[in-house]
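Undergrad: One predicted model, sequence on top.
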There are 2 protein chains.
Amino acid sequence: MEYIKSTKNEKVKLWKKLLSKKFRDQTGTYLIEGEHLILEALKTNEVVEIMIQEDKTISNAWSLNHEKISVFTISEEISQHISDTKSPQGIFAVCKKRNTKVDFTKHARFLLMDGVQDPGNIGTIIRTADAAGVDVVILGEGSGDVYNPKVIRSAQGSHFHLTIESGNLSNWVNQIKQNEVPLYGTALEKAVDFQSITPAKSFALVVGNEGSGVSREILEKTDQNLYIPIYGQSESLNVSIATGILLYHLRKSI
Amino acid sequence: MEYIKSTKNEKVKLWKKLLSKKFRDQTGTYLIEGEHLILEALKTNEVVEIMIQEDKTISNAWSLNHEKISVFTISEEISQHISDTKSPQGIFAVCKKRNTKVDFTKHARFLLMDGVQDPGNIGTIIRTADAAGVDVVILGEGSGDVYNPKVIRSAQGSHFHLTIESGNLSNWVNQIKQNEVPLYGTALEKAVDFQSITPAKSFALVVGNEGSGVSREILEKTDQNLYIPIYGQSESLNVSIATGILLYHLRKSI
């Protein structure tokens, strides 16, 4: 187990650079932090390196005997340096980006994000989709990066449970329609109360940007657009709350 | 309109102190920031002072001719000083704490928080409760402060739409039961799937702490405890997401 003490170390510089999307994209890797997340990641064979702060102990549940994982001991100063939080947990891992594949013969439930920006919202939506039994989460080009540290924190490990894709949302929507999966958008106009939709075994739901919602281009391709009635005086719901309400309705008692 | 330039000004010191719960409790006032929130607050006659940064213009929608509201022009430095955000909007108001009253002959829907801590969660829950047509939100003693600046931001004006109370949750629960409002807790054990509950005109829902949930003392007093099934592999739902799912089910099509 190599011991690294200085923030000037070349390894440390690479870890630090994983805070930027550009470097994550270049290397096809990303950084996760905290025991719970790393335990989930270890189930996937995607962990490349693990870094443990010198004064931290790891639980017996860990099995670090994988040949392909390098383990480093690091100083507290390095923890502070490579973490994006004020109080780092002192346990990190570098993971390969997920290499999952959509399989329309197996996957039945899809959640698509069209321009969702806030990392906390993206992470909470991934966690909620996991809970609601969604199989595939797709982030459109205008959405935030699924490997952003705050997204990963908010998703609490659901990254490792789901098939997560990104790319051009129109292309994904076309594929979903070709496979005859009922496609629902979320909108205030030309939309029906979500409670009028009968749950079915298969569905795809598109949720949109915090300010502007789902783009018109996508809304025109859906089978039906849904709204959530506002019974009180608030103007709208947070996008992750709306996603939870809709997914649990569409998924209901099937 | 008085012009205040220095952060040493006595008024500015008082505004700054409103960032602390202690001073909010002592004075019975709190600070809000941003045009949208202040417009909502002006509907309630609870605004005492308004402070506008010298280079900001206010929209025509504002009516500042209330006799009882003092208006101040402030420097950008003061905006930075009294705001808890990095990029203040430059428009603030001091409000009297809300003086609302629960009326069991009129109010039918109640949302109780038992030890919810995170200000973002508390604010989002208030906003969601408003959307779902809840009449009264009650924060138990172990919950965060409803007048915390982050709570107010996350609630996006719903503070001014609802009856909001705080205090000993057991006492509130007793009152709710005496008034024969069906009382639901949220729990993983001794609980039923929320989808088995038939929506009714009146209900009270208790949601709990992010880590430990609703306290046993309260769970023992409820008519029924509810759980949200987890269909995937995530361990739990965020408390504000769970609140949204449950409220929209309990409120459904009544």
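TA: Right, received. Where do you want to start?
Undergrad: name the element A:Asn225 belongs to?
TA: Per DSSP states H and E, A:Asn225 falls inside strand A:224-227.
Undergrad: buried set for that strand?
TA: For strand A:224-227, burial by neighbour count (16 or more other C-beta atoms under 10 Å in any protein chain shown) applies to A:Asn225, A:Leu226, A:Tyr227. C-betas here are computed from N, CA, C, even on glycine.
Undergrad: For the residue lying closest to the last one once chain neighbours are set aside, give me phi and psi.
TA: Put plainly, it is A:Tyr227. Nearest residue to A:Tyr227, sequence neighbours excluded (C-beta to C-beta, 6 or more residues apart in numbering or on different chains): A:Ala191, at 4.3 Å. Torsion angles at A:Ala191 (phi, psi; degrees, to the nearest 10) stand at phi -130, psi 160.
Undergrad: show me what contacts A:Ala191?
TA: By C-beta atoms under 8 Å, 6 or more residues apart in numbering or on different chains, the residues touching A:Ala191 are A:Gly185, A:Gln224, A:Asn225, A:Leu226, A:Tyr227.
Undergrad: coming back round to it: could you export the buried residues of strand A:224-227 as CSV, including distance to A:Leu31 and pLDDT?
TA: Output for the buried residues of strand A:224-227, formatted as CSV (distance: C-beta to C-beta, whole Å; pLDDT from 0 to 100):
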residue, distance to A:Leu31, pLDDT
A:Asn225, 38, 98
A:Leu226, 37, 98
A:Tyr227, 39, 97
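Undergrad: Now do the SS call for whatever residue of the stretch 1-150 of chain A ends up closest to chain B.
TA: Of all residues in the stretch 1-150 of chain A, A:Gly133 sits closest to chain B, at 2.9 Å by C-beta to the nearest C-beta. Classification of A:Gly133 by DSSP: H, G, I helix; E, B strand; the rest coil places it in coil.
Undergrad: and the host helix or strand of A:Lys16, what other elements does it pack with?
TA: Assigned by DSSP H and E, A:Lys16 belongs to helix A:10-17. Applying 3 or more C-beta pairs under 8 Å, 6 or more residues apart in numbering or on different chains; DSSP states H and E, we find helix A:10-17 packed against helix A:76-82.
Undergrad: quick one: buried residues of the helix it packs on?
TA: The neighbour-count check on helix A:76-82 (16+ other C-beta under 10 Å) flags A:Ile78, A:Ser79, A:His81, A:Ile82 as buried.
Undergrad: distance of the nearest residue to A:Leu250 once chain neighbours are set aside from B:Ile52?
TA: Once flanking residues are discounted, A:Leu250 sits nearest to A:Phe203: 5.0 Å by C-beta to C-beta, 6+ apart. Per C-beta to C-beta, to the nearest Å, A:Phe203 is found 48 Å from B:Ile52.
Undergrad: Rounded mean pLDDT for the helix holding A:Lys16, please.
TA: For helix A:10-17, the mean pLDDT works out to 97.
Undergrad: Please identify the buried residues of it?
TA: A:Lys11, A:Val12, A:Leu14, A:Trp15, A:Lys16.
Undergrad: immediately after it, which helix or strand?
TA: Remark: after helix A:10-17, the chain's next helix or strand is helix A:21-27, criterion DSSP H and E.
Undergrad: Number of residues surrounding A:Ala187?
TA: 20 (other C-beta atoms under 10 Å in any protein chain shown).
Undergrad: scratch that, A:Ser196
TA: By the criterion of other C-beta under 10 Å, A:Ser196 has 9 neighbours.
Undergrad: can you give me the strands in the stretch 51-200 of chain A?
TA: Using DSSP state E, counting those that start in this stretch, the strands of the stretch 51-200 of chain A run over residues A:70-74, A:91-96, A:109-114, A:136-140, A:163-167, A:183-186, A:192-193.
Undergrad: could those strands be laid out in TSV, adding mean neighbour count, mean pLDDT and distance to B:Leu219?
TA: TSV is the format used below for the strands of the stretch 51-200 of chain A (neighbours: other C-beta atoms under 10 Å in any protein chain shown; pLDDT from 0 to 100; distance: least, C-beta to C-beta, whole Å):
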stretch	mean neighbour count	mean pLDDT	distance to B:Leu219
strand A:70-74	18	93	43
strand A:91-96	22	96	34
strand A:109-114	26	98	32
strand A:136-140	25	97	33
strand A:163-167	16	95	36
strand A:183-186	23	98	34
strand A:192-193	12	96	33
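Undergrad: pLDDT at A:Ile58, what is it?
TA: 76.
Undergrad: leaving aside the residues next to it on the chain, what's closest to it?
TA: Using C-beta to C-beta, 6+ apart and skipping residues adjacent in sequence, the residue nearest A:Ile58 is A:Ile52, 6.2 Å away.
Undergrad: beta partners for the one you found?
TA: Beta-bridge partners of A:Ile52, counted by DSSP bridges, are A:Thr73, A:Ile91.
Undergrad: So which bits of the stretch 51-200 of chain A are right by chain B?
TA: Contact residues, the stretch 51-200 of chain A versus chain B (C-beta under 8 Å from any C-beta of the partner chain): A:120, A:124, A:127-134, A:156-158, A:161-162, A:195.
Undergrad: if we can go back for a sec, what about the residue of the stretch 1-150 of chain A closest to chain B, how many neighbours?
TA: When neighbours are counted by other C-beta under 10 Å, A:Gly133 comes out with 19.
Undergrad: nearest to B:His107, of the buried residues of helix A:76-82?
TA: A:Ser79 (50.0 Å; C-beta to C-beta).
Undergrad: Could you export the buried residues of helix A:10-17 to a markdown table, including columns for distance to A:Met1?
TA: Compiled in a markdown table, the buried residues of helix A:10-17 are given as follows (distance: C-beta to C-beta, whole Å):
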| residue | distance to A:Met1 |
| --- | --- |
| A:Lys11 | 13 |
| A:Val12 | 16 |
| A:Leu14 | 18 |
| A:Trp15 | 16 |
| A:Lys16 | 21 |
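Undergrad: quick one on the thing from earlier: what is the most widely separated pair among the contacts of A:Ala191?
TA: Going by C-beta to C-beta, the pair spanning these furthest: A:Gln224 and A:Tyr227, at 10.8 Å.
Undergrad: which residues do the two both contact?
TA: A:Ala191, A:Val192.
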